[in-house]
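K.L.:
return atomic coordinates for the entry below.
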Amino acid sequence: MSTRRSLTTVLFYFFLLFSNIGAALPAPDTGLRGNEASGLKPSLENGRRVYLLCAVCHQPEAWGEDDGSYPQIAGQHAGVAVKQMEDIRARNRDTPLMLPFAMLENLTREQIEDVAAYIETLPMSQFNGSGPGTDLKKGARLYQKLCTECHGPEGQGDAEKRVPLLYGQHYKYLVRQFEWIRDGKRRNANEEMLKQIQGLNDNDVSAVMDYVSRLRPPESRLAAPGWRNEDFRHFVRNCRRDEEGSVDYCRTITVDGE
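P.N.:
Numbers count the residues shown, from 1 in each chain. Prediction:
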């Protein structure tokens, strides 16, 4: 299977998974507007069940793809994940492959909060896609000038303000999203950010996103070497082996029950 899945393949897995977990997900409760409104904490167990929908593209470990086709979402602030789902539903962010999942009539606000809380607990990949490394000094200057005030000097974001953490993210994904924000295709960015980045050309974007892609998560947030998400042990993976025969990468190719 190629790294970038076709829309047909994604939709096939979507219907396969939906038919498998539909009975496991609680029925919609349109009288509630989330865990906070009901005085409940997010349920990690329910979040795990809901994440089965997400794992098809984002992988069981939530590490995405280093070619940027899917972002790493493991460890992301829960409030950020909730906001992005809200924005996709409201058509403030164009993500065609995500829209069917975000718009599911039986995916309640509680379930979105549950799966966001579950994703936040997942350790991040030791490795992510990085850029060419040709203009890192320029990238560092631009990041310090334009990005640190909101995203922090280490790319840690701000959970309370729902500012995304950036460290550990794939370079090509970062570039694509930044360009979409700059060019008006992605409409859910902070207005101040929009003003700041309008003068950046493609070389500037490449430099700063290359620098960002090399911001390393804290060791405490990284997965141990060889870690796999045991919550999805039945996912069948196609493992690539190095020259010595050791497994160095696995990609989900199908589902064998849950």
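K.L.:
use CA for all of it now, contacts and neighbours both
P.N.:
Noted.
K.L.:
what's the neighbour count on Pro132?
P.N.:
11 (other C-alpha atoms under 10 Å).
K.L.:
pull the contacting residues for the closest residue to it other than its chain neighbours.
P.N.:
Leaving aside its sequence neighbours, Pro132 sits nearest to Asp210 (C-alpha to C-alpha, 6 or more residues apart in numbering; 7.0 Å). Applying C-alpha atoms under 8 Å, 6 or more residues apart in numbering to Asp210 gives the contacts Ser130, Gly131, Pro132, Gly133, Leu136, Gly139, Tyr171.
K.L.:
can you pick the most crowded of these?
P.N.:
Most surrounded of those: other C-alpha under 10 Å gives Tyr171, at 25 neighbours.
K.L.:
spatially central residue in the chain, please.
P.N.:
In the chain, the C-alpha nearest the mean C-alpha coordinate belongs to Ile73, at 2.8 Å (C-alpha atoms, centre = their mean).
K.L.:
that one - nearest residue in space that isn't next to it in sequence?
P.N.:
Among residues not flanking Ile73 along the chain, Ala62 sits closest, at 5.5 Å (C-alpha to C-alpha, 6+ apart).
K.L.:
how far away is the spatially closest residue to Gln177 that is not a sequence neighbour from Arg91?
P.N.:
In this structure, Gln177 finds its nearest non-sequential neighbour in Arg186, 7.4 Å apart by C-alpha to C-alpha, 6+ apart. Remark: distance between Arg186 and Arg91 (C-alpha to C-alpha, to the nearest Å) = 9 Å.
K.L.:
who's more crowded, the two?
P.N.:
Arg186 (19 against 14).
K.L.:
run the chain-centre distance for the host helix or strand of Met193.
P.N.:
Using DSSP states H and E, Met193 maps to helix 191-197. Its chain's average C-alpha position is 22 Å from that of helix 191-197, according to C-alpha atoms, centre = their mean, to the nearest Å.
K.L.:
please identify the buried residues of that helix?
P.N.:
Neighbour-count burial for helix 191-197 flags Leu194, Ile197 (criterion: 16 or more other C-alpha atoms under 10 Å).
K.L.:
ok, now stretch 86-103?
P.N.:
Buried-residue list, stretch 86-103, by 16+ other C-alpha under 10 Å: Glu86, Asp87, Ile88, Arg89, Asn92, Arg93, Asp94, Leu99, Phe101, Ala102.
K.L.:
now the first one: how far from Met124?
P.N.:
Counting by C-alpha to C-alpha, the gap between Glu86 and Met124 amounts to 24 Å.
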